[in-house]
Every structure is written in C-alpha cells, then in structure tokens.
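> fold the stuff below for me.
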Amino acid sequence: MNTSITSSRKAVLDGLADELLAATVSLVPVAPLRDRLQGMTLSDSYDVQNSQLEQHLANGRVLAGRKVGLTSVAMQRQLGVDSPDFGFFFEDMVHHDGARIPASTFIQPKVEPEFGFVLKESLQGPGITLEQAAAAIGAIYPAIEIIDSRITDWDIKLVDTVADNASCGAIAVGTTPLDIDPADLQDVTCSLVIDGEVTGTGTGADVMGNPVAPLAWLANVLGEQGVALEAGQLVLPGSFTAAMPVVTDSTATADFGPLGSLTIHFTD
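Below you'll find the predicted structure:
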C-alpha cells in the first residue's frame, strides 16, 4: 500500500471531521463531503464520525447513548442503502418531557418519534440475538430525536450523514416508562404530532420489523470494533414515521396513545 496516499487520505478525513466539529459550534453548514473525497467509503465516514467522538470525549463530554438511523425501508431506499447507520449523543444533548428547546441551536432541525431503550445490562457483540437484546432492555420510554444536518440543505447521501454523526442533533426522552413488554414492541402504534396536527403514524413493525432488531444490530456492529453498549446507556432504535421539520414556536409530540406521550417545544 502506498503510505503517502494513505497519509493524504487520512489528512482529508481529519480535515472533514474538523469541519463538522466547527459547523456544530458555528451553525454554518458545510458542502457535501462526498464531493470532496474521491471514492469516499462507509468506513471513511465512520472514521470521520469516530474522530469527532474522540475529540468530544477528550473535551469532557459524557456519552449518554447511541442512535440507530435508516431503519425504515423508505429511508433506506431514499439513500440507496440496505442497512441502518448509527451515531452517538452526549448527556448535554438529552432533554425531557415538556422541554423548551431553542430552535436557534440547530441549523435545519427535524423531529422523529421513537422508543428510548435504557439498558439494564451491557451488550457486547458480535453474536447478540434478538432475545439477548430484548432481555437487556431495562425500561422503554417515549422519545423524540431531533435530527439536524451540518451538510448544506440536507444534501446528503449515506457517507455524508454517517460522517455527520448520523445527522443527530439532540434527544428528548420521557420521564415515565411505557408499560409495554419488549416482546410486543412491533405492535405498538405511535403518531408524530406537530402543532396539533398528526403528520405521520407508524407501528413498531415499521422499525426494521421489530424495534429490538436495530438494538441487536448496533450491539453486533459495535462489538466488531471492540465497543460495548453499556448498562445505563440510552439507545434510540429508529423512527416510526418520516422526519418532519420544526421551527421556532413549533410543538412536537410523540403520541403512543394509551401508553403515554412526550411533548417538546421549540423557542427562540
């Protein structure tokens, strides 16, 4: 292998990570990454993502959990992929029911209704089964992921969103668990409500057939890298519906019907 080419490529990847870190602070998006590194691969993108994770941790931020994205067939078709992706979030990115969140802290936010799994035991792949993943779930909460893109105008392909931490902006999670058995999650219905209007409804089966499947997938992918999902961490397995944009004065609710709900408000 030509080490000069390898070094040059690494320098470009490190530069892209620095651009995304800067965009997170400045809220000025950057041009699509795929146009600036010939033949950019998924592995390249996760290298960019991980570089940002390491820098955030070195700066004292505390990892709160992980999110899985692209778990619906529709979203996978949109980006031309056949598997999910994943990202991370920190404790200072987690909000709760009734939170008032400044819309100005994001570039181009959208919201997605999800489950929030709090793990009662660690999961270390590879080889994690659906049954093992379900058994590791300690509590299930209503959740909303606020997705945001540091890429201009949401002009993304898979390599762009993966490098950009799977387009994660923030997380909102309820304070009261949903009274539901992990074995029954595929039958749960959830609606996304924006300013009183239902914008989409889905079932757990829309999340990779079973919302536990993304958890097992994530544990196995991370396990291949020697990384475990730790007890106490929060994992969001993917959205019930299409993401919807929000602006200042928007109110968003993840409505699980009789099981409960979660509402957040966007302010100036």
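> now do the strands in the protein.
Taking DSSP state E as the criterion, the chain carries its strands at 63-69, 85-90, 94-96, 100-102, 110-119, 137-147, 168-173, 189-194, 197-203, 234-236, 244-245, 251-255, 261-267.
> could you pull out the buried residues of the fourth one?
Think strand 100-102. Residues of strand 100-102 classed as buried: Ile101 (neighbour count, 16 or more other CB atoms under 10 Å). Quick note: C-beta positions are derived from backbone N, CA and C, even for glycine.
> packing partners of it?
Where contact means 3 or more CB pairs under 8 Å, 6 or more residues apart in numbering; DSSP states H and E, strand 100-102 is packed against strand 261-267.
> now swap in the third one and tell me
When contacts are defined as 3+ CB pairs under 8 Å, 6+ apart, strand 94-96 packs onto strand 168-173.
> so which elements touch the strand it packs on?
strand 63-69, strand 85-90, strand 94-96, strand 137-147, strand 234-236, strand 261-267.
> looking at these, which is buried most?
For the helices and strands packed on strand 168-173, the largest average neighbour count (mean count of other CB atoms under 10 Å) is found in strand 234-236, namely a mean of 25.
> ok so, going back, got TSV for the strands of the chain, with distance to Leu27 and mean pLDDT too?
Supplementary listing: the strands of the chain in TSV, determined by distance: least, CB to CB, whole Å; pLDDT from 0 to 100:
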stretch	distance to Leu27	mean pLDDT
strand 63-69	20	98
strand 85-90	17	98
strand 94-96	18	98
strand 100-102	11	98
strand 110-119	15	97
strand 137-147	14	98
strand 168-173	11	98
strand 189-194	22	98
strand 197-203	25	96
strand 234-236	23	98
strand 244-245	16	96
strand 251-255	20	98
strand 261-267	15	98
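> a markdown table for the helices and strands packed on strand 168-173, including distance to Ala31?
Below are the helices and strands packed on strand 168-173 laid out as a markdown table (distance: least, CB to CB, whole Å):
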| stretch | distance to Ala31 |
| --- | --- |
| strand 63-69 | 21 |
| strand 85-90 | 20 |
| strand 94-96 | 30 |
| strand 137-147 | 19 |
| strand 234-236 | 28 |
| strand 261-267 | 27 |
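> for this structure, longest helix please?
helix 3-26 (DSSP state H).
> list the contacts of that helix.
With contacts defined as CB atoms under 8 Å, 6 or more residues apart in numbering, helix 3-26 is touched by 28-30, 33, 36-37, 44, 47-49, 51-52, 55, 107, 150, 163-165.
> kind regards, and thank you for your time.
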